[in-house]
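Participant: Provided below are the primary sequence and the corresponding predicted coordinates.
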Number of protein chains: 4
Amino acid sequence: MPKKIKKLAVLTSGGDSPGMNAAIRSVVRTCAYHDVECVGVYRGYEGLIEGDFKSMGARSVRGIINKGGTILKSARSQTFRTPEGRKIAYQNLVDNNIEGLVVIGGDGSFTGALVFNQEFGFPVMGIPGTIDNDIFGTSHTLGFDTALNTVVDAIDKIRDTASSHNRLFFIEVMGRDVGHIALNTGIAGGAEEILIPEEDLGLDRLVESLNRSRKSGKTSSIVIVAEGDKIGKNIFELKEYVDDNMEGYDVRVSVLGHMQRGGAPSCFDRVLASRMGVKAVETLLEGKTNYMVGLIANKMELTPLDNAIKGKTKINLELLRVSDIMSI
Amino acid sequence: MPKKIKKLAVLTSGGDSPGMNAAIRSVVRTCAYHDVECVGVYRGYEGLIEGDFKSMGARSVRGIINKGGTILKSARSQTFRTPEGRKIAYQNLVDNNIEGLVVIGGDGSFTGALVFNQEFGFPVMGIPGTIDNDIFGTSHTLGFDTALNTVVDAIDKIRDTASSHNRLFFIEVMGRDVGHIALNTGIAGGAEEILIPEEDLGLDRLVESLNRSRKSGKTSSIVIVAEGDKIGKNIFELKEYVDDNMEGYDVRVSVLGHMQRGGAPSCFDRVLASRMGVKAVETLLEGKTNYMVGLIANKMELTPLDNAIKGKTKINLELLRVSDIMSI
Amino acid sequence: MPKKIKKLAVLTSGGDSPGMNAAIRSVVRTCAYHDVECVGVYRGYEGLIEGDFKSMGARSVRGIINKGGTILKSARSQTFRTPEGRKIAYQNLVDNNIEGLVVIGGDGSFTGALVFNQEFGFPVMGIPGTIDNDIFGTSHTLGFDTALNTVVDAIDKIRDTASSHNRLFFIEVMGRDVGHIALNTGIAGGAEEILIPEEDLGLDRLVESLNRSRKSGKTSSIVIVAEGDKIGKNIFELKEYVDDNMEGYDVRVSVLGHMQRGGAPSCFDRVLASRMGVKAVETLLEGKTNYMVGLIANKMELTPLDNAIKGKTKINLELLRVSDIMSI
Amino acid sequence: MPKKIKKLAVLTSGGDSPGMNAAIRSVVRTCAYHDVECVGVYRGYEGLIEGDFKSMGARSVRGIINKGGTILKSARSQTFRTPEGRKIAYQNLVDNNIEGLVVIGGDGSFTGALVFNQEFGFPVMGIPGTIDNDIFGTSHTLGFDTALNTVVDAIDKIRDTASSHNRLFFIEVMGRDVGHIALNTGIAGGAEEILIPEEDLGLDRLVESLNRSRKSGKTSSIVIVAEGDKIGKNIFELKEYVDDNMEGYDVRVSVLGHMQRGGAPSCFDRVLASRMGVKAVETLLEGKTNYMVGLIANKMELTPLDNAIKGKTKINLELLRVSDIMSI
């Protein structure tokens, strides 16, 4: 049986996502439940180095479960990428009698945690918080579900005006390397085409498909474009190309941007965050380290951080096919 | 290889739920994709008996993916419970050359479909549409996710006023036989207690727990109560009991009611509906019958209608524990 | 020119409403802008008596403009109704060098402020905060616009299910003495009838009207009922009466309740709150007292508290007529 | 007394805005109420020329009061700018026995209506539908209130991520010639600065102000920029300038775009649309022409179309001052 841990720390790192506050709350309250002290670290690894710590009790996380962003703030730390920086961070943790660290963030944040553990043997645990859903070892990252609803709500609004004017809209959504947001919101928003990094539709086929849509009686169209799609043109160039190569459409562009990261988390993300916080803390208390908690088939499961970082999520081919059928 | 099916029908039955329209759209477009005619039946089994049919093409379901309710309307049919009624329904289907039926509804609707198949050998396929998530063979029924967000949004609003006044609120949510909505929204809404049909907390322990909450520094509290909870008192009696047995709280009641059934479906429900419609139609086209399509571990799976009806969903015990820890 | 005021206090009293926090923020920042100290008083007049004060600077109201409820909390104080209670309150203000008081609340709260001023000559200023819009001297009270949107959103959801099932819904909204919420949301929600305290439609005419609706081809109907309507029956008795006296409708009841008081304030309410806070503080700084700030023809205007309390708002007869025409 | 009008037409023209459908519904039902036939014209003046008419009864506008966009669609018509085009339009109206026309749109659309009336003496009436609130003769144009809420909701989401990362965001909102949207949403969104066409703050003062914000303890900031602001740089150039001339901020840009035009109309806009439709129809029935209906001091008032077109709305200077005070 492992030595009883008496004090843990939690930080949020990388891009923020809805549900991070709910996860902080869960970590803090699970600590309280097990009579473990909990310390919040501000601005991710930066605060670890600066010793920007705050003691957190069950009541200190009151009223944050429904707030977007992260009360602990987030940052990217250059200093933590250096051995010297990590040395200071380690010393701060030791000086404060902290015996384990929960890192809420994406794979960059997990890489930092893993290196930190390898150097100092300090127990770390990861909670996947990012809207991109691009982390191996969980069917849903924290914030993904909320971001989907935010995007779909925006598409619904744009469709109002698109269909009032017989317009073609290109809507850019987040997802630099993966098309999960684009694919799901494209289906849910009734998009005619979805351009994702994993597939290169090609410009000719895009125009061909849009022409087919028109002929089938559609008077307006929406194309969802993931930030990182491989069609070789940015969304404004896409518009120009289609303007030049298609008739009859008034083409417009909308880049949804950072509003996708904010907002009150959905019920799904709040429950997920609550579950992940419990699992992360209790796994540390069991004496384990270097795992990420994740949702697999609706159950909480552990994945070694190493696998979470190296593994790739794959686009669901069934969804691609559903999208094709729906846009007939 | 089965004989090529040329015409299918689709109906919605029982209580409506968000996502039913998205499912109708998917059934209709999947038919169009496979060059199969599609017929919409109005008011569930009632319309089957009255021959209230409408031919539906890909464009006829335009703009409904984001609408709550069901454009085909729903009803409970007494006549369909009689052999005579079902005989007429069967004759109407045959007269219209319809060769298979997709039923979107709950277990009552599936029972009707199964009986109908047993009597006439008519191919039927079920899509689970209900906000209660009480159907075996799918991790999520259509509309469940949307209802969760609707309820959580209402709880957030009530908490604003609860915490401004140091009040205790009992909030009744839907769920006659199962506590899925109560349990998930209770966690997501930060409830102090959650009363569900599956567990009988008992009045004494409820009051004890609320007293503990007060002492821990909470100045307002929310208790989520499933319609069908077993505490032996309705929600207004609960209020009276607590009024009589606790001091210091101003106790209020809120019954969320039918607004839980409406609203634009969430991204999750729209994608789920789209997938289920494809799977239901394509399974019928493969010559199969008497299945329900469902989501299991994020994949589309088939469950015999018989099992779907008889099986029971279970409350996730992990969620109960998470709820306990979160309300510390 | 009046003596320079150096310190003001602000409190929220009575039922809370969305926008109260935005008004607190405005009072605090307007004080900071004029180099006046600002003190927040907790739980309304109760906190005045208990000396529950907190010094508030410009940064202390960060991030609250979009939060429902009131961070200063609200309460109804029995003690403040006694001369002894008010004496203690006055002494607390004097001891803390506070020279004026902004009261955010309804007419009950204003009556308290007026009595307080009459007894001690203490400068007071009112900001009308209530969702009911029942205060003379302003076209809109703080929170009214937000509550309208909350109610309309709920009606939209209920209509989804009403029209899927050919149902008649009675929906009860807030408004004990006035029908402003009912009348506006009835029009916006497309209600067939609106029952308000100011008009007694009578049961017979209600049933007659609903029958006419059916005959005109409407398959579902929504009736909005203000809490305080004069039809002589509560909403559940209404349902029974209609059940007994009409055929063909499945009648349901929904009581929206306290969720109407919460939620993020609308843009309108946030701007109104910001304007009212500025006006209230600057009017006190000019040496005036016993006024309520209000919106009249889109301008900030002052109304003597006495008139605000005694005056009655009237239902807009044009809206009644519009409602009649729309439900043809 | 004027000759009894028996048939009216309604069209939507120019950019669409939330509430246009509610206005169409009101025009149609007010006609039905007065036993006047009503004809909907598709795609604005284009449909007038093409004779793209549809007879509309009270039930044909069912379920549209809460839908964004316009079911009659909108377009800009080059042909209607020619005397030949208008001649054909006139003939189509005469051939269909239409005796008056309600135009829902902005000042471009009203100019068309006025020219049309001058040439043919055909009775026309305007309903101001645009989110920009840039039309003289009404305190609120249809859709303005809804757009404000849409923008504020987006700002709230962006603030979540801005404050999690100590970021400065430039958010561009609609308003080519007027700053009403920017000014109201800037106040409601808690923006540090608001750049509008009516005022040229100047780049130096902007940077100065942002530096002052930082020093006052603000760790993140939001600047709202109207499309048409006069600072001489587009929003991306603004970002570059600030990047080059300020330290410590991570500067980001968000262009909200066309989602501002869509969405379910707010309660305010639905009520306003309903009132305007009644007033427009009844004014035509009184034999009047060439007016725009508008809201002035919460009452329905008429303004000659000529004045509505030539008049300019002015920015509310009180709001500018409130914004300054709030961002202390």
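Facilitator: Perfect, thanks for sending it. Numbering: from 1, shown residues only, chains lettered A, B, ... in the order given.
Participant: got any ranges where the stretch 1-150 of chain A has weak pLDDT?
Facilitator: Scanning the stretch 1-150 of chain A for pLDDT under 70 picks out A:1-2.
Participant: what does chain A put close to chain D?
Facilitator: Residues of chain A lying close to chain D by C-beta under 8 Å from any C-beta of the partner chain are A:12, A:15-16, A:18, A:20, A:67-70, A:73-75, A:150, A:154, A:156-166, A:169, A:252-263. The way it works is simple: take the backbone N, C-alpha and C, and place the C-beta from them, glycine included.
Participant: mind listing which of these are in strands?
Facilitator: With strands taken from DSSP state E, the overlap with the residues of chain A next to chain D comprises A:T12, A:F169, A:R252, A:V253, A:S254, A:V255.
Participant: For those, pick the one with the most neighbours.
Facilitator: Top of those by neighbour number is A:T12, holding 32 neighbours under the definition other C-beta atoms under 10 Å in any protein chain shown.
Participant: how much does the helix or strand containing A:V152 deviate in direction from helix B:144-165?
Facilitator: When secondary structure is defined by DSSP states H and E, A:V152 falls within helix A:144-165. Computed by axes from the mean of the first three to the mean of the last three C-alpha atoms, to 10 degrees, the angle separating helix A:144-165 from helix B:144-165 equals 110 degrees.
Participant: so where's the stretch 201-328 of chain A shaky on pLDDT?
Facilitator: Low-confidence segments of the stretch 201-328 of chain A (pLDDT under 70): A:232.
Participant: all helices of it, in order?
Facilitator: A:203-215, A:235-245, A:267-285, A:305-310, A:317-326 (DSSP state H, counting those that start in this stretch).
Participant: Make TSV from those helices and add mean neighbour count to it.
Facilitator: Output for the helices of the stretch 201-328 of chain A, formatted as TSV (neighbours: other C-beta atoms under 10 Å in any protein chain shown):
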stretch	mean neighbour count
helix A:203-215	15
helix A:235-245	15
helix A:267-285	26
helix A:305-310	18
helix A:317-326	18
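Participant: right, so of those, which gets closest to B:R205?
Facilitator: With C-beta to C-beta, the closest approach to B:R205 among the helices of the stretch 201-328 of chain A belongs to helix A:267-285: 21.8 Å.
Participant: Just give the nearest non-adjacent residue to A:G63, would you?
Facilitator: Once flanking residues are discounted, A:G63 sits nearest to B:S163: 7.2 Å by C-beta to C-beta, 6 or more residues apart in numbering or on different chains.
Participant: Can you name the residues of the stretch 151-300 of chain A sitting close to chain B?
Facilitator: With the criterion set to C-beta under 8 Å from any C-beta, the stretch 151-300 of chain A comes near chain B through A:151-152, A:156, A:159, A:163, A:184-185, A:187-190, A:216-218, A:264, A:266-268, A:270-271, A:274-275, A:278, A:296-300.
Participant: The same query, at a cut-off of 6 Å, please.
Facilitator: Neighbours of chain B within the stretch 151-300 of chain A, by C-beta under 6 Å from any C-beta of the partner chain: A:152, A:156, A:184, A:187-188, A:190, A:217, A:266-267, A:270-271, A:274-275, A:278, A:297-298.
Participant: and which of those is nearest to D:T146?
Facilitator: For these, the nearest to D:T146 is A:D156 (13.5 Å; C-beta to C-beta).
Participant: which residues touch the closest one?
Facilitator: B:N66 (C-beta atoms under 6 Å, 6 or more residues apart in numbering or on different chains).
Participant: show me the contacts for A:M125.
Facilitator: Applying C-beta under 6 Å, 6+ apart to A:M125 gives the contacts A:V102, A:A280, A:T283, A:L284, A:Y291.
Participant: Relative to chain D, which of those residues is nearest.
Facilitator: Checking these against chain D by C-beta to the nearest C-beta gives A:V102 as the nearest, at 17.3 Å.
Participant: so which helix or strand takes in the closest one?
Facilitator: Secondary-structure element containing A:V102, defined by DSSP H and E: strand A:101-105.
Participant: was I right about the residue nearest to A:G63 contacting B:S221?
Facilitator: No - with contact defined as C-beta atoms under 6 Å, B:S163 does not reach B:S221; the gap is 9.5 Å.
Participant: Quick one: neighbours of A:S139, just the number.
Facilitator: Close neighbours of A:S139, defined as other C-beta under 10 Å, add up to 16.
Participant: distance of it from C:A264?
Facilitator: 31 Å (C-beta to C-beta, to the nearest Å).
Participant: what residues are up against the spatially most central residue of chain A?
Facilitator: Most central in chain A under C-alpha atoms, centre = their mean is A:T130, positioned 1.7 Å from the mean C-alpha point. Listed by C-beta under 6 Å, 6+ apart, the contact set of A:T130 reads A:S17, A:G106, A:T141.
Participant: could you redo the last one with a cut-off of 7 Å?
Facilitator: Counting by C-beta atoms under 7 Å, 6 or more residues apart in numbering or on different chains, A:T130 touches A:G14, A:G15, A:S17, A:G106, A:T141, A:G143.
Participant: Make CSV out of these and add neighbour count.
Facilitator: Output for these, formatted as CSV (neighbours: other C-beta under 10 Å):
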residue, neighbour count
A:G14, 23
A:G15, 23
A:S17, 35
A:G106, 24
A:T141, 28
A:G143, 33
